[in-house]
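[1] Here is my input; please provide its structure:
(4 chains)
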There are 4 protein chains.
Amino acid sequence: MALVIDDHFHDQCGVVAVYNHPEAATLAYLALHALQHRGQESAGIVTSDGKRLYKEGAMGLVGDIFTAATLARLPGRIAIGHNRYSTTGGSCAANVQPFMVGYGLGQMALAHNGQLVNGQQIRESLEAYGSIFQSTSDTEVVIHLIAQSLESRFTARIVQALRQVRGAYSLVLMDEESVVAVRDPWGLRPLVMGTVDGATVFASESCALDLIDAQLIREVEPGEMIVVDRDGLHSSFPLPAEERRSCIFELLYFARPDSHIFGVCVNGVRKAFGRQLAREAPVAADMVVPVPDSGVPAAFGYASESGIPLEPALVRNHYVGRTFIEPSQSIRNFGVRLKLNPVRGSIAGRRVILIDDSIVRGTTSRKIVKMVRDAGATEVHLRISAPPTTHPCHYGIDTPTRAELIASARTVDEIRAYTGADSLAYLSLDGMLAVAAGAGEGYCTACFTGNYPLAPVVTSRDQLELFSP
Amino acid sequence: MALVIDDHFHDQCGVVAVYNHPEAATLAYLALHALQHRGQESAGIVTSDGKRLYKEGAMGLVGDIFTAATLARLPGRIAIGHNRYSTTGGSCAANVQPFMVGYGLGQMALAHNGQLVNGQQIRESLEAYGSIFQSTSDTEVVIHLIAQSLESRFTARIVQALRQVRGAYSLVLMDEESVVAVRDPWGLRPLVMGTVDGATVFASESCALDLIDAQLIREVEPGEMIVVDRDGLHSSFPLPAEERRSCIFELLYFARPDSHIFGVCVNGVRKAFGRQLAREAPVAADMVVPVPDSGVPAAFGYASESGIPLEPALVRNHYVGRTFIEPSQSIRNFGVRLKLNPVRGSIAGRRVILIDDSIVRGTTSRKIVKMVRDAGATEVHLRISAPPTTHPCHYGIDTPTRAELIASARTVDEIRAYTGADSLAYLSLDGMLAVAAGAGEGYCTACFTGNYPLAPVVTSRDQLELFSP
Amino acid sequence: MALVIDDHFHDQCGVVAVYNHPEAATLAYLALHALQHRGQESAGIVTSDGKRLYKEGAMGLVGDIFTAATLARLPGRIAIGHNRYSTTGGSCAANVQPFMVGYGLGQMALAHNGQLVNGQQIRESLEAYGSIFQSTSDTEVVIHLIAQSLESRFTARIVQALRQVRGAYSLVLMDEESVVAVRDPWGLRPLVMGTVDGATVFASESCALDLIDAQLIREVEPGEMIVVDRDGLHSSFPLPAEERRSCIFELLYFARPDSHIFGVCVNGVRKAFGRQLAREAPVAADMVVPVPDSGVPAAFGYASESGIPLEPALVRNHYVGRTFIEPSQSIRNFGVRLKLNPVRGSIAGRRVILIDDSIVRGTTSRKIVKMVRDAGATEVHLRISAPPTTHPCHYGIDTPTRAELIASARTVDEIRAYTGADSLAYLSLDGMLAVAAGAGEGYCTACFTGNYPLAPVVTSRDQLELFSP
Amino acid sequence: MALVIDDHFHDQCGVVAVYNHPEAATLAYLALHALQHRGQESAGIVTSDGKRLYKEGAMGLVGDIFTAATLARLPGRIAIGHNRYSTTGGSCAANVQPFMVGYGLGQMALAHNGQLVNGQQIRESLEAYGSIFQSTSDTEVVIHLIAQSLESRFTARIVQALRQVRGAYSLVLMDEESVVAVRDPWGLRPLVMGTVDGATVFASESCALDLIDAQLIREVEPGEMIVVDRDGLHSSFPLPAEERRSCIFELLYFARPDSHIFGVCVNGVRKAFGRQLAREAPVAADMVVPVPDSGVPAAFGYASESGIPLEPALVRNHYVGRTFIEPSQSIRNFGVRLKLNPVRGSIAGRRVILIDDSIVRGTTSRKIVKMVRDAGATEVHLRISAPPTTHPCHYGIDTPTRAELIASARTVDEIRAYTGADSLAYLSLDGMLAVAAGAGEGYCTACFTGNYPLAPVVTSRDQLELFSP
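    Numbers count the residues shown, from 1 in each chain, chains lettered A, B, ... in the order given. Coordinates of the predicted model:
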């Protein structure tokens, strides 16, 4: 039996695009490697040699999928790539992005980070008019809309297609000769632009630019479409403007701390969340212990603000995979220990503040608290560097249902009791926004507040499912 | 470097369908195994549990792709399956059939043996109206036409779609609740129907029925569509009738000798070709030696008619795969020996008649003749149980270009000289047809005569390619 | 569940050695490929570059184990190789031959076809004096004896070691600079010598020489040791002479028909067995049908002698592996059909003589008879081109226990009844020997007679096992 | 081309043993997983069901090698296991430990962490008396000595064998019924003992006990042999006593920080090294940045002692493997970036103190310093929490030759210049020992001082190699 030993929200995708580089596929591969944290289930790259498109992709990690031989089958100076986390609709090869298709103007490919709120609705109407769907992905809807547009140019067709969809998307597209990058009008998911050796690169996060030694130029703006082709780089804002609503969970957890997105340094914001948490929820203790790796920056902030010493007293085993053989009857549940182990000598007899970035179901936090207590801690105080997560995401994040979110129906004290901590405190919504606001963006906080900037569209098929047993 | 050591025309596909069996996927898997000779590149199975469809498939042999675990992911009492040989458009996972898609009425899947002559033309017009194509296969055209039909029922949509395509096809289709089998009006490719345990089974050849202990009921007729669903089995002839033109190469080489197709026992016809060849092209010799395995039945016929003893003096190594590491400089070309080895003790000092079913490029025949002569044969006479192959096939057979077909531009005596044989004779076209005609079918002989029953449609895209370097 | 669908005795090994060829590893690899029928479980090659030895090997078929990369890790002009069939003691990597070890004089490697009768006895006494054993193979005993010899030269040590062992062996050995080939004094297993491009090659059968274009020089004689090193080729007979007792089952079944061993052409002898069988056990019938592939040569002989036409009416599926997923409850046992299928059209309404080379347990013959009868045969006569196999082999052949051998306790008529045939006849022992004797060798017929040329040595450990539950 | 992007000394092995647990193999597997940092090249487990031994093992990571199916082939209540890092003698299956052999008393298995100084010498003399060696490992020597002992009991043979070898070893051994754990008299490598559910467990480090919820009882003492069998647990000190010389590099780098070995908590000692380093080598700066993961604990200590804030400004990509495809010409060397990336926003304009635990060749440090400077640091000060490593290890650690050790021939200032840092300081030997001494052990410091507690034995074969080109 497989053990799931991670209890976090998960991003569903990372994207990259390269225009005009002699090793476009290799750059895309390296960038996908840097974005591996955004999706570990499958990866793919499509390239163009100016005449036709080539695709390679499979289930697995970037470093396993792409070998020298694979990259050799991806010629050309243009490439787009995609990492995917396990999605609804199941894990299968048909869902491996980028999608590459033939259509009226030739070939095109598309990679998508995000989720459409009217994807299912459009799919049903496309099917009613004779379209066929090979995957369960939203992204295929966008491709159909582009293919069916009557516009004569690729970019005009993209605009026409995007005017019909609503939702979260950072998209990269390509045909034989150009690359297009677009971000939805709310700016929900990140997308940055950089340059290296005269080539233009787009990526979900700036850490991908760093790996390939590209300079960050700027972020793609909400609602902006950037086209790169032999005539150069063209920016336009072809979609109706909306109020900015960037996903604050990117700052809290998804993005790599060394990335610079939404105008801020992720690591810096996370430390500031920790400092704010220390101001809001101080507690007398002997040490601040981060839950690795996600709790590390906030713990540094909490420690520096509180003056309580930081201690790396939970050690992570870097060899753990995502599944593991579970011992049968006679071995006690060891779950979280595969990943984390307390430093007994540091903890015994001390009062410990554990810093993490979220509590989703609560099961992992409960195990960590117990583990730390078993290692001899006299007190265990849990501090979370974000507000309670009470609502699922509809914009491209893999979240449990409301019923599974421990904070959706329980008070903070009930959660504290469940985890077994001596005290529990979350960062306040206002505190979080005050810290993040300095960054100058408007944020989507729906997972904390249920305040969704775009309502999901319920289709007849969804309704049928509501009534099915 | 990989060695190609087979010089034959190759069939491109085998198909199977099962309706109403508790182990539908397993039956499909066994049937595909029996049809492995029709395609060794990839295989796939789609099943339905009455509510939704499930697909498994990959590159490779049936026995490697499908394990107990794979079959367990294919629930339901309905299944279709497909074997594929390497096709134009390249070997890739996107081409693994059956194709399974979502469309206006739900889900459907399709497996195709054959080739459309107007597939590219339809594809271009579909793309012009906004359709997208994920594979390079003709088959996807049929799916689009079904999806775009305005008919309300699956079967009516299939009819409407097939009325627009021309070419060779033995098709099996399914949706959540039914199986449909159709054969093109010329009857180019075989398709048989059988039954086991109350289930209905369709397969390219009857040998697939034998393996699963199903009884052969009859062949699907040219132009016939058979629908099996909860209301039973319905036959109709919805397509314009054409003159029967079954592929005679199925009888000569493609089909397994234990199959019964086109109204005849394949092994029996092959022996009769050999007998006819003995009558047409006798030669004084000490032994008749079949080139295994394809030349075996004709050699039996030749020997029995001529009275010259049969001798299994070429031994086949059954462990050889389709590629092999080639030794470098210092080892002499051993190519064909990996597959065949002469029995020196039987051949030395004897006059040998070699029987094979075809000479395509001539390279393999040349090597075999030399090998037999090196083993001590005093004379080597080559007899081919079919006429010279002079034209490529457009109906689902993988043939070289005309330029590569040794018989397209050389006389029989030039071919003899190239192969190094002391004499060479082919079965005459009339002789072949006289033997086969007894079976009561009209045959396509285009690969011998250039007399194509359906002309391929040249599209603007093809023409462009003509002018490209 | 895995299905065993082959019911034959099985050879346990093939060996090869190459001295002084720039592509020694590649020649060994090709030769092992030609000897694949002698062992399909594992294969290995050891080479020497004159300074040290290199080994590659694994479980699996030769063509899967050795790639260009693997061969590149086997430098040098000297090589020995080994194929192995599943042995007692289990299938595991520790048993993959050739064995390669370091010892007092440097390094050596050894590959063994055969079985020692006093191997276990010597092992026990070696262990008593402190030797350790990493495998369950007899062969390791020989290596220890060589290592412990006080002689100063490799070849003298080999002689001293072999004087202590008794049993069947065709051995090839090597150290950094030489190759040694030895055959036991009874000549139980075959071993031939050839030459190509100035290199010397030893192999279990001559078909391995054919593939690499080597000329057969002669067989290694019973009791002969041939050393090849920089001083040339040296033959000696260092072991006490014994009466020649070559394994007649090599002629009947194990060897490839295109091989030349024990002074005869295998295919020719098999046909002669068939002719003799026709003389001894005629029957009125319409056709002679070989059970492929082992029954083919004898069937040719039977048909030519009897004048009854030969018919290839059982078709073999060449894609079958050795295991297969077994369908569960609702599919009838299809076992043998995976491998063989009758040509219904040839058989229906006819009287059939089936020719096979042996009946071991009888289960497969029973299925084949039933299959042929179900295909419409009016009579099925079974003719076996060897006497009944009543005793297990102790000299390197994988045979069932006596209890499993159907002929060990049943009369020919009881076996006939079990198989369901209308008549059954075996070739007589005298008839077989009369045919084979022409070859000028004395033969071991223990599996037919229980007349063992060397008695197995029973050790205390064996006796303990006799008394264990 | 493969990139090596780690520049550290490496431990060569981890060992584990389990006595009397119904899931012995699973416990061994989990323990090996926890010890994965001690060896990533191969892993193996041997179990006993009381009658015979079973082995599974392969090249690769523990989580990849052992599946539910593999563990099912390892029955019994006794198990030993082994992880191995790449060793001299090459990576091959023959070297996968535990070694399992048959010998005079039955079967035994052995797993070894360490290295013998007279292993080669003993091997040569064993070979001279007829022993054969299948691996290139020291460990095989111990097995031969046990097998050749004239003592009648397993444990007495072990003692007799160990009295002949000198060197570093933490050994676990087993036969059909018992487990034995031994540590060399100098206590060079760690070995701890614990208990869970009545079973006894030995492991290289206590973190392996934590994962399986076993309680740490105590460490195996230097020179102690502990036997566990049906009569219980027996401790003895059968070897001549020596002065304690535990490997201080275990504390500095090898052991997991959450382990408790040599009487101390590893994390605590590492922090103390950092504090001592801050006292010895202070520098004015804005932040202390650990080089993850090895520099983390010392950085915490340095920061707390110096009062300079800690900043996690180097981010590690946890998905990186040990090799990677290297981009060709046009992409600048990105080497270390695959593993580490600086947080630009934290570093820009600041003075940075980098804390690492060692500088081996200097190449990685040079790249990190450049990377941090490129990210905008105004000053980069390098602080190493150990003295300069000037000498190779002969006791089981994989170290480069002296010539490759940058500190062996260069002054600290020359190293500073090479790395490009503004200043460089190492922890002093006295400072290190003062911190560690509190732990009450004597330490081996040979890699810093060349002061080897046991001189390696030079054999005639080694001397020959000295004179070879």
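[2] Does chain D have contacts with stretch A:248-263?
    Yes: contact of stretch A:248-263 with chain D (Cβ under 8 Å from any Cβ of the partner chain) involves A:256-258, A:260. For every residue, glycine as well, the C-beta is placed using N, CA and C.
[3] possible to save those as CSV with secondary structure, distance to chain C and pLDDT?
    Output for the residues of stretch A:248-263 next to chain D, formatted as CSV (DSSP: H, G, I helix; E, B strand; the rest coil; distance: Cβ to the nearest Cβ, whole Å; pLDDT from 0 to 100):
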residue, secondary structure, distance to chain C, pLDDT
A:256, coil, 36, 93
A:257, coil, 40, 93
A:258, coil, 38, 93
A:260, strand, 43, 93
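[4] so residue A:71 makes contact with residue A:28?
    No: contact criterion Cβ atoms under 8 Å: residue A:71 and residue A:28 do not qualify, at 9.3 Å.
[5] more crowded one of the two?
    Using other Cβ atoms under 10 Å in any protein chain shown as the criterion, residue A:71 and residue A:28 rank with residue A:28 on top: 36 against 19.
[6] In the stretch 101-250 of chain A, what residue spans correspond to helices?
    A:119-128, A:139-148, A:154-162, A:206-211, A:248-249 (DSSP state H, counting those that start in this stretch).
[7] Would you mind giving these as a markdown table with mean neighbour count added?
    Listed next are the helices of the stretch 101-250 of chain A as a markdown table, based on neighbours: other Cβ atoms under 10 Å in any protein chain shown:
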| stretch | mean neighbour count |
| --- | --- |
| helix A:119-128 | 18 |
| helix A:139-148 | 24 |
| helix A:154-162 | 20 |
| helix A:206-211 | 26 |
| helix A:248-249 | 26 |
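[8] right, so of these, which gets closest to chain C?
    Closest of these to chain C is helix A:206-211, at 29.4 Å (criterion: Cβ to the nearest Cβ).
[9] So which other helices or strands are in contact with the closest one?
    helix A:24-34, strand A:192-196, strand A:199-203, strand A:215-219, strand D:340-342 (3 or more Cβ pairs under 8 Å, 6 or more residues apart in numbering or on different chains; DSSP states H and E).
[10] What pairs with the lengthiest strand in chain A, parallel or antiparallel?
    Secondary structure of chain A per DSSP state E: the longest strand is strand A:106-116. Here strand A:106-116 is paired, per DSSP bridges, with strand A:99-103 (antiparallel), strand A:167-175 (antiparallel).
[11] Run the angle between it and strand A:199-203 for me.
    In terms of direction (axes from the mean of the first three to the mean of the last three Cα atoms, to 10 degrees), strand A:106-116 departs from strand A:199-203 by 30 degrees.
[12] Columns mean pLDDT on top of the helices and strands packed on helix A:206-211, output as CSV?
    Putting those into CSV (pLDDT from 0 to 100) gives the following:
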stretch, mean pLDDT
helix A:24-34, 95
strand A:192-196, 97
strand A:199-203, 98
strand A:215-219, 96
strand D:340-342, 91
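[13] Looking at those, which is nearest to residue C:190?
    The closest of the helices and strands packed on helix A:206-211 to residue C:190 is helix A:24-34. By Cβ to Cβ, the value is 53.7 Å.
[14] I'd like to know which elements the helix or strand following that closest one is packed against.
    Sequence-wise, the next helix or strand downstream of helix A:24-34 (DSSP states H and E) is strand A:42-48. Applying 3+ Cβ pairs under 8 Å, 6+ apart, we find strand A:42-48 packed against helix A:24-34, strand A:53-59, helix A:62-65, strand A:78-84, strand A:106-116, strand A:167-175.
[15] between the ones you listed, which gets nearest to residue D:102?
    So among the helices and strands packed on strand A:42-48, helix A:62-65 is nearest, using Cβ to Cβ, at 38.9 Å.
[16] For the closest one, list every residue counted as buried.
    A:62-63, A:65 (16 or more other Cβ atoms under 10 Å in any protein chain shown).
[17] And for stretch A:239-259?
    Neighbour count says stretch A:239-259 has A:239, A:242, A:244-259 buried, by 16+ other Cβ under 10 Å.
[18] what about stretch A:274-293, near chain D?
    Yes: applying Cβ under 8 Å from any Cβ, one finds stretch A:274-293 touching chain D at residue A:293.
[19] how about that stretch: buried residues?
    A:274-278, A:281-283, A:285-293.
[20] Walk me through the domains of chain A.
    Per automatic domain parsing, the structural domains of chain A span A:10-245, A:267-440.
[21] Go through those and name the closest to residue C:150.
    domain A:267-440 (50.2 Å).
[22] Tell me if that closest one is near chain B.
    No: Domain A:267-440 is not in contact with chain B by Cβ under 8 Å from any Cβ; minimum separation 15.1 Å.
[23] what's the offset of that domain from the middle of its chain?
    19 Å (Cα atoms, centre = their mean, to the nearest Å).
[24] and if you look at stretch A:23-41?
    Per Cα atoms, centre = their mean, the centroid offset for stretch A:23-41 relative to its chain is 14 Å.
[25] Tell me where the longest helix sits in chain A.
    helix A:266-280 (DSSP state H).
[26] could you point out which element follows that helix?
    strand A:287-290.
[27] Identify all contacting residues around that next one.
    For strand A:287-290, contacts defined as Cβ atoms under 8 Å, 6 or more residues apart in numbering or on different chains pick out A:296, A:298-300, A:302-303, A:306, A:308-314, A:346-347, A:350-356, A:372.
[28] So which of those are in helices?
    Using DSSP H, these in helices are A:296, A:298-300, A:302-303, A:306, A:346-347, A:372.
[29] thinking again about what came up before, between the residues of stretch A:248-263 next to chain D, which is nearest chain B?
    For the residues of stretch A:248-263 next to chain D, the nearest to chain B is residue A:256 (30.8 Å; Cβ to the nearest Cβ).
[30] Test my guess that the closest one contacts residue D:316.
    No: using Cβ under 8 Å as the test, residue A:256 is too far from residue D:316 to be in contact (10.0 Å).
[31] Next, count neighbours for residue A:176.
    By other Cβ under 10 Å, neighbour count at residue A:176 equals 18.
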